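In: Any chance you can model this:
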Amino acid sequence: SSESEYSWSNFFEYLKARGLSGLKMVISDAHKALVKAIKETFLNVIWQRCQVHFLRNILSKAPKKNTEDFRTDIKALFKIQDINLARKMKEEIFSKYETEKKYQTSLNTLDEGFEDAFSYLSNGVIHSRLKSTNCLERLNEEVRRREKVVRIFPNEDSAIRLIGAILIDINEDWITSSKLYIKMK
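Out: Below you'll find the predicted structure:
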């Protein structure tokens, strides 16, 4: 009904009542009400800020013209898979650009959200697919693409059957792929 903390908390409690357990990490954008609800509902669970959304936030605050080097450096930072190297590169970026006023807002944004955006590295999780919500967004797009073909379902069960079949098919693709999608322990 809304994206308030109350709505998110109710939704998360509903999921827990349905059996959701064993959560280790939740990945989302930095919507304040959502983050607060996550941290209050799922105690001792890591919150990972979506790096893709965060990167867009940083770059949207930089001027468009004559900032290619800055944009390249920021994008390179988000490719690093070692928290200590990422922290070091962040400091190098600050040293390189902190005297230029046009980058101050971007650098402040980077500084404020850096640790949240690299949580997957600093807590020993280390899997590059766990740094953004992109895989989930892509999954939702695929379900939506196939659901649009049907358009009107005769009942709720038929929708669940179609969506379930789509998810089973995608899961089988992930399991049988030559690429390791997500390493589960």
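In: For the residue lying farthest from the centre of the chain, give me its contacts.
Out: Farthest-out residue of the chain from its mean C-alpha position, per Cα atoms, centre = their mean: residue 154, at 34.4 Å. For residue 154, the contact set (Cβ atoms under 8 Å, 6 or more residues apart in numbering) is empty. All C-beta spots, glycine's among them, are computed from the backbone N, C-alpha and C.
In: my read is it is in a strand, agree?
Out: No: looking at residue 154 with DSSP: H, G, I helix; E, B strand; the rest coil, it is coil, so not inside a strand.
In: Can you show me the strands along the chain?
Out: Remark: strands assigned in the chain by DSSP state E are 25-28, 46-49.
In: among those, which is nearest residue 165?
Out: strand 25-28 (25.7 Å; Cβ to Cβ).
In: which strands and helices sit next to that closest one?
Out: For strand 25-28, the packing partners by 3 or more Cβ pairs under 8 Å, 6 or more residues apart in numbering; DSSP states H and E come out as helix 32-41, strand 46-49.
In: ok, and which of those has the densest surroundings?
Out: strand 46-49 (a mean of 20; mean count of other Cβ atoms under 10 Å).
In: Quick check: which helices or strands does it pack against?
Out: The helices and strands touching strand 46-49, judged by 3+ Cβ pairs under 8 Å, 6+ apart, are strand 25-28, helix 32-41, helix 104-117, helix 119-122.
In: Tell me which of the ones you listed lies nearest to residue 148.
Out: Judged by Cβ to Cβ, the one of those that comes nearest to residue 148 is strand 25-28, at 25.6 Å.
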